[in-house]
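Chemist: The following comprises the amino acid sequence and a computationally predicted model.
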Amino acid sequence: MRERNQCANVQVVLRSAPEEGVRYASGRVVYDEAFVGGRLVGRYWSARGQVHPDMHLPRREFEPLDAPLDAFRLGIEGEDLLRRWKWIGAREQKDESGLRDEAGTARQVVVELAHEARAHEARPIGVRVCTRLDGSDWLVRWLEITNTGKKPTAISSVFPLAGRVYAHRYDEHMPPGAPSPFDVAYNHSTYWGLEGDMWPEPLKPGRLVFDGERRGKSGWSRPAFWARDLANGHTFVCELAWSGNWQFELDCRMEYARKQAALFYALGLAPMDGEMLRVVEPGETVRTPAVHVGYFDCDADGVVQSLHRHVRHVVMPKPPAGTGVEIEACHRGYLCDRENEPGLKRDADVMAEAGVEMYVVDAGWFGNEPNQWWLNTGDWHAGPWLPNGLEPVVEHAHKRGMRFGLWVEVEAMGVNSTLRKEHPDWAIMRDGEPVTKGRPLDLSRPEIVAWVESEIARVVEQYTLDMFRLDHNHDIGPGGKREHAGFVENTLWRYYEALYGVFDRVRARFPRLVLQNCAGGGGRLDLGILQRFHNTELSDWSRQPRGALILNGLTMALPPEIGLRVFGTETGEHVLDGDLDSQLRLAFLARPIVRGIAPSVEEFAPFLKERIAHHVELFKRFIRPLMADCLVFHHTPWLPIKTQTPWCVLEYAAPDKARALVCVFRLLGEAKETYRVKPRGLDRTKRYRVTFDNAGETVEMSGRKLVERGLRVALRKTLSSELLLFEAVGDA
């Protein structure tokens, strides 16, 4: 046994006897893998920093040889490579994950294996199992797969992380009435406008397979799950950093006679029937998407806060200097598909009057024909209805003290575009036909990738952009396919590998440029795309009650300051959206976009202007400084979007407990007219000034009284809200 590293809450133990293996320890997490019988298997997980004695491992009576204990799954040419692996070695090396490591504490461990297949089976394969540790409660795992043979081969399935997370008796610990000691929480809905539909369901004996409906993108669900052990309160969280088709599997096994239960898991790319995920040439190495995994012995709030820290400080790039959580304006309020220079300048004037910090021209500025933005995509030049181009609008926004951003759906070409006429063969193809009516470009082809990257750079430079918004409004479905080296290859892996590379290079070339992910609003919210972008848009229709439910559900995974939420009048039926303050709060509790608030400065209604000014001032003074690194507490954590619920309550608190806010939304469904709020992010030993935003009234109360007794919020009508602000004013 050799202990190779022990610093910054990271410990790695490499074993050579009695069997090869690695024990990873990071923060409070311990994960142990061993090489047994030609398999790399997961022995156990611990959320308490405890190393399990070898005499307790393995529990052979509950680990039959066919149990899916393998630490990863790999299929080559349609055959799963189980057993017959050879241990080559294990080592530590410099972190090559591409993730942020500002403290310099990250370590990478590589376990090298080889699979010498028999002549009548798949080609010989080498695998490097790579694991990143940084001292937090998160590990990051990916595979590097090498074709060590002399002929091309193909990956038919891959799950970079798999194995067993729970195994124990349950006779004394099964919750009353529960069908299983385990449940799983994940984003159930897969359709537009329903992201954040996260809630738990029991895991009955058998397999649960969920794949987000294979839309060719990670979709309005997310490639992630929480597997919870109700017998001991532990939570196992897996997040796949992948923007294409994905799948997770959970296998609950119960032996009733011995009161034993176990839960097995796998997370990876969705296998495609009859198609290979990737053709690999002789000597070529391909890298899989990474799985981010955390294991916790705490409540849901603790899991959420750990995940937010990981996303903020490890996954997402650091915002360019001088930016941050800006108040944005989108032009598509009174100018939807009727863009012109005077109208855009007039709209920019309204937004500057409202205190907006960045003016954004969205879809409709480009192409050959007006009012047809969907059909014009691909021609990224100002349309003839903007005879002077966009430059005067950019200059006007800058003169009004606002930065400028631009919408570009660079992965698409519309049917009326010049690009389509000149390059009809650039569409993603499947069975000889273009996918989605030929709208998505085939980024698996290097010449198309080069054009896309050059267009992004040209647009950024031509319009001196401060922000580039990438949209993605189509479903690629199963993706394209091609015949290569005797295989039928699905092209999604190459597509997203190329897209990631483009934006890695764009960010390096334009370090002061803010990159914003849109994807139809919430269509790609995975950690793979977020690793390349500074913020992301949620559904652009902030309908109530689902708007609050979306924010509630998505902040179970993503920090609120990265998620764009809209206030404005682009869409109809505003009579159903609740009172004005509730609409504004829904936007200003995240990254706000203002869209369509007045046709002109002269027509800016005084009441609306006053309420927007109030929320802008409150955002800049209180919410934004708090939100940048806040701890989020979900007082109503599991709210299915399709089920009526009376209350949604969110709390943001400063890590030092000096400030906090609680927003209480009254939604639909039967409820009393009052809700008792007990803040969770306050200090019992402090005294707080509490502001009721609806009435503008302020009282002082002790932290102990607020935490233990709470205070009552009265909301007498549906689709209304109250915002409470807490500021420490001294010791209690």
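Modeler: The structure has been received and is ready for your questions.
Chemist: Poorly predicted segments of this structure, please.
Modeler: Using pLDDT under 70 as the threshold, the predicted model of the chain has low-confidence ranges 1-8, 57-66, 117-122, 541-542, 570-573.
Chemist: Walk me through the domains of it.
Modeler: In the domain annotation for the chain, the residue ranges read 2-315, 316-525, 632-731 (automatic domain parsing).
Chemist: As a markdown table, those with mean neighbour count and distance to residue 600 would be great.
Modeler: Glycine gets a C-beta too; all of them are placed from N, C-alpha and C. Compiled in a markdown table, those are given as follows (neighbours: other Cβ atoms under 10 Å; distance: least, Cβ to Cβ, whole Å):
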| stretch | mean neighbour count | distance to residue 600 |
| --- | --- | --- |
| domain 2-315 | 19 | 31 |
| domain 316-525 | 19 | 5 |
| domain 632-731 | 17 | 29 |
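Chemist: so can I have a markdown table of those showing distance to residue 598?
Modeler: What follows is these, written out as a markdown table (distance: least, Cβ to Cβ, whole Å):
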| stretch | distance to residue 598 |
| --- | --- |
| domain 2-315 | 26 |
| domain 316-525 | 5 |
| domain 632-731 | 23 |
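Chemist: of these, which approaches residue 584 most closely?
Modeler: When the domains of the chain are compared for distance to residue 584 using Cβ to Cβ, the nearest one is domain 632-731, at 9.6 Å.
Chemist: now do the same end-to-end measure for that closest one.
Modeler: Domain 632-731 has its terminal residues 24 Å apart, counting by Cα to Cα, to the nearest Å.
Chemist: can you tell which of the domains of the chain is closest to residue 565?
Modeler: Relative to residue 565, the nearest member of the domains of the chain by Cβ to Cβ is domain 316-525, separated by 9.9 Å.
Chemist: measure that closest one end to end?
Modeler: Domain 316-525 stretches 12 Å from its first residue to its last (Cα to Cα).
Chemist: Run the chain-centre distance for that domain.
Modeler: Centroid separation for domain 316-525 versus its chain: 20 Å, with Cα atoms, centre = their mean, to the nearest Å.
Chemist: cool, stretch 719-732 as well?
Modeler: Here stretch 719-732 shows a centroid-to-chain-centroid distance of 30 Å under the convention Cα atoms, centre = their mean.
Chemist: Go through this protein and flag its longest strand.
Modeler: For the chain, the strand that runs over the most residues, judged by DSSP state E, is strand 153-169.
Chemist: Kindly spell out which helices and strands sit in contact with that one.
Modeler: Taking 3 or more Cβ pairs under 8 Å, 6 or more residues apart in numbering; DSSP states H and E as the contact definition, the neighbouring helices and strands of strand 153-169 are strand 39-46, strand 73-76, strand 138-147, strand 224-229, strand 234-240, strand 260-269, strand 278-280, strand 291-296.
Chemist: So in that sheet, which strands flank the helix or strand that the shortest one is followed by, and in what orientation?
Modeler: This means strand 278-280. Scanning the chain past strand 278-280 towards its C-terminal end, the next helix or strand to appear is strand 285-287 (assignment: DSSP states H and E). Strands that pair with strand 285-287, judged by DSSP bridges, come out as strand 138-147 (antiparallel).
Chemist: distance between the strand it pairs with and the chain's centre?
Modeler: Worked out by Cα atoms, centre = their mean, strand 138-147 lies 20 Å from the chain centre.
Chemist: now stretch 604-620
Modeler: 31 Å.
Chemist: what do you get for stretch 272-289?
Modeler: In this view, stretch 272-289 has its centroid 25 Å away from the chain centroid, taken as Cα atoms, centre = their mean.
Chemist: contacts for that stretch?
Modeler: 77, 142-158, 160, 240-242, 245, 268-269, 271, 478-479, 481, 484-485, 487-490, 492-494, 528 (Cβ atoms under 8 Å, 6 or more residues apart in numbering).
Chemist: Would you work out how far apart the start and end of it are?
Modeler: Length of stretch 272-289, first residue to last, Cα to Cα: 17 Å.
Chemist: Residue 718 contacts residue 666, correct?
Modeler: Yes. Counting by Cβ atoms under 8 Å, residue 718 sits close enough to residue 666 to count as a contact (5.9 Å).
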